[in-house]
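**Q** After the sequence you'll find the predicted model.
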Amino acid sequence: MRKVLLTAALALAPVLAAPVFAAEPAAPAAAAKLSVETTDLGTLLDDAGAKAVLAKYIPDMINNEQISMARGMTLKQLQGFAGDALTDEKLAAIQADLDKLHSH
C-alpha cells in the first residue's frame, strides 16, 4: 500500500508542484538555507550533504525510480502523499540534520 501511495505521489508531483513554484523567485543556492518546507527535493538531492541526510531517513523514497518526478516539490508537500513515510517527527529530524550541514 505504501508503495502504491508513494508511486501515486511521485506521479502527481509535477502537476501539483508546477503552480506552486512558478511564482517564486529563485534564491541563490549558496545563500539559501536548506529546508524541508521551502527547498525543493531536486535541490536537496543535488546537494551531497543533504542527499546523505535524506538517505539516512527516507532511503526507499529517494531510491524510488520515479523520484525525479517529485524534484519540484518540497518534503512538506510530499508529506501529503506519503505521510506514513514523512511524519512530522521525521521531517523535524531531517531539518535538524540539514541545519547542521551549513552551520559554522
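**A** It's in. These numbers come from a predicted model, not from an experiment.

**Q** any idea of the mean pLDDT for stretch 93-104?
**A** Averaged over stretch 93-104, pLDDT sits at 88.

**Q** for stretch 62-73, same thing?
**A** Taken as a whole, stretch 62-73 has an average pLDDT of 93.

**Q** Just the CA atoms of it, as CSV, please.
**A** Extracted C-alpha coordinates of stretch 62-73, given in CSV (Å, rounded to 0.1, in the frame of the first residue of the first chain):
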residue,chain,number,x,y,z
ILE,A,62,14.9,8.7,-2.7
ASN,A,63,15.9,5.4,-4.3
ASN,A,64,12.5,5.1,-6.0
GLU,A,65,12.9,5.0,-9.8
GLN,A,66,10.2,7.7,-10.1
ILE,A,67,11.7,10.2,-7.6
SER,A,68,12.7,12.6,-10.4
MET,A,69,9.0,13.4,-10.9
ALA,A,70,8.9,14.9,-7.4
ARG,A,71,12.0,17.1,-7.7
GLY,A,72,9.9,20.3,-7.8
MET,A,73,8.1,19.5,-4.6
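
**Q** which parts of that stretch are buried?
**A** Asn64, Ile67, Met69, Ala70, Arg71, Gly72, Met73 (16 or more other C-beta atoms under 10 Å). Heads up, the C-betas are built off the backbone N, CA and C, glycines and all.

**Q** who does the host helix or strand of Ala92 touch, helix- and strand-wise?
**A** In the assignment (DSSP states H and E), Ala92 maps to helix 88-101. Applying 3 or more C-beta pairs under 8 Å, 6 or more residues apart in numbering; DSSP states H and E, we find helix 88-101 packed against helix 48-57, helix 75-79.

**Q** Give me the secondary structure label for Asn64.
**A** coil (DSSP: H, G, I helix; E, B strand; the rest coil).

**Q** rewinding a little: ok, which of the helices and strands packed on helix 88-101 comes nearest Ile94?
**A** Closest approach to Ile94 among those is made by helix 48-57 (5.2 Å; C-beta to C-beta).

**Q** averaged over its residues, what pLDDT does that closest one have?
**A** Confidence for helix 48-57, expressed as mean pLDDT, is 97.

**Q** ok, and for it, which residues are buried?
**A** For helix 48-57, burial by neighbour count (16+ other C-beta under 10 Å) applies to Ala50, Val53, Leu54, Tyr57.

**Q** All set now, cheers.
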